[in-house]
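Participant: sequence-free structure coming up:
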DNA sequence: CCGGACGCCTGTCGGC
DNA sequence: TGCCGACAGGCGTCCG
């Protein structure tokens, strides 16, 4: 579920309230996430101050004085900041309780996410070390992407969703960026000219920036840290819109499958 | 190295 | 109404 804009929105929401607070306790009700939640996590974090919250790709890096928690929201995860004690639901697996009594609650029905602990440089962690550039970072541009795609025969949409090529882009924003750029998602990535790759970079950056400003996209499970929905849902041009008129040319939008994922596009506008 | 398929898990929805 | 398959925002791993 959560892609770069959703994770970044969550990061910004949490950063405001959590930085500088210390951890009173970590309550783990179910350790069975993608990988088991480390048994030592509570002991490591208890009494420690949260120094920063960063994001890399779709990972949140919650920094303490003595290490970093790597949090991934998987397909259905969310982090909510609660001010008042509330009964946990069946999928509320972890509470990070702060010294002022507020707590960050991790909910993840499908348990595809993770909470891991590292005491070394988190960017060198095996899960992060091979990630490609951040699409909104200064080192991401048309020249670099064009070079990385040289010789690749896989569809461009698969490449956008490959975190080694560019980090943090998932199914929603890959579809939306390709629509804006007017590129057929099935097209072999290495056969797209430099000009069109430049357009794709612009489109991707635009859609991600606007989505972050809107607080991300809520389809079902995702919620901001304050419980609000992401408002980008109403701005989606093609995602989930098979058969509806193309916003640009009114031809019914098509759907296909690429890399086992549903893909929506306009047969006329995207070449 | 590359591309494609497969699980992991729970919930929901549509068709019969 | 009930059952069953398809599908859902991700991604590490395996196979050819």
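Facilitator: The structure has been received and is ready for your questions. Quick caveat, the model's predicted, so the values are computed rather than measured. Numbering: from 1, shown residues only, chains lettered A, B, ... in the order given.
Participant: which parts of the stretch 1-150 of chain A sit against DNA strand C?
Facilitator: Counting by Cβ under 7 Å from any atom of the strand, the residues of the stretch 1-150 of chain A close to DNA strand C are A:1-3, A:6, A:34, A:57-59, A:72, A:74-76, A:110, A:112, A:127. Backbone N, C-alpha and C define where each C-beta goes, glycine included.
Participant: now stretch A:17-28: mean pLDDT?
Facilitator: Across stretch A:17-28, pLDDT averages out at 97.
Participant: of all the residues in it, which ones are buried?
Facilitator: A:17, A:18, A:23, A:24, A:26, A:28 (16 or more other Cβ atoms under 10 Å).
Participant: equivalent analysis for stretch A:63-79, please.
Facilitator: Neighbour count says stretch A:63-79 has A:63-64, A:67-74, A:76-79 buried, by 16+ other Cβ under 10 Å.
Participant: stretch A:150-167 now?
Facilitator: Within stretch A:150-167, the residues that count as buried by 16+ other Cβ under 10 Å are A:152, A:155-163, A:165-167.
Participant: mind splitting chain A into its structural domains?
Facilitator: With domains defined by automatic domain parsing, chain A comprises A:4-124, A:142-265.
Participant: could I get these as TSV with distance to DNA strand B?
Facilitator: Formatted as TSV, the domains of chain A follow (distance: least, Cβ to the nearest atom of the strand, whole Å):
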stretch	distance to DNA strand B
domain A:4-124	3
domain A:142-265	4
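Participant: assumed residue A:224 was part of a helix.
Facilitator: No. Counting by DSSP: H, G, I helix; E, B strand; the rest coil, residue A:224 is not found in a helix; it is coil.
Participant: contacting residues for whatever residue of the stretch 151-271 of chain A ends up closest to DNA strand C?
Facilitator: Going by Cβ to the nearest atom of the strand, DNA strand C is nearest to residue A:170 of the stretch 151-271 of chain A, at 1.9 Å. Contacts here follow Cβ atoms under 8 Å, 6 or more residues apart in numbering; on that basis residue A:170 touches A:2, A:3, A:4, A:58, A:161.
Participant: if you set the cut-off to 10 Å instead, what comes out?
Facilitator: If you count contacts by Cβ atoms under 10 Å, 6 or more residues apart in numbering, residue A:170 has them with A:1-7, A:58, A:75, A:160-161, A:163, A:217, A:261.
Participant: and what of residue A:175?
Facilitator: Taking Cβ under 10 Å, 6+ apart, one finds A:157, A:160-161, A:185, A:207, A:236-241, A:258, A:261-265 in contact with residue A:175.
Participant: please spell out the PyMOL selection for the buried subset of those residues.
Facilitator: The PyMOL selection below is limited to those of these classed as buried (16+ other Cβ under 10 Å):
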select buried, chain A and resi 157+160+161+185+207+236+237+238+239+241+258+263+264+265
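Participant: restricted to helices, list the contacts of residue A:175.
Facilitator: A:157, A:160, A:207 (DSSP state H).
Participant: now render these as JSON lines, adding pLDDT and distance to DNA strand C.
Facilitator: JSON lines is the format used below for those (pLDDT from 0 to 100; distance: Cβ to the nearest atom of the strand, whole Å):
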{"residue": "A:157", "pLDDT": "97", "distance to DNA strand C": "11"}
{"residue": "A:160", "pLDDT": "97", "distance to DNA strand C": "11"}
{"residue": "A:207", "pLDDT": "98", "distance to DNA strand C": "14"}
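Participant: closest one of the buried residues of stretch A:17-28 to residue A:224?
Facilitator: residue A:17 (12.2 Å; Cβ to Cβ).
Participant: no further queries at this time; thank you.
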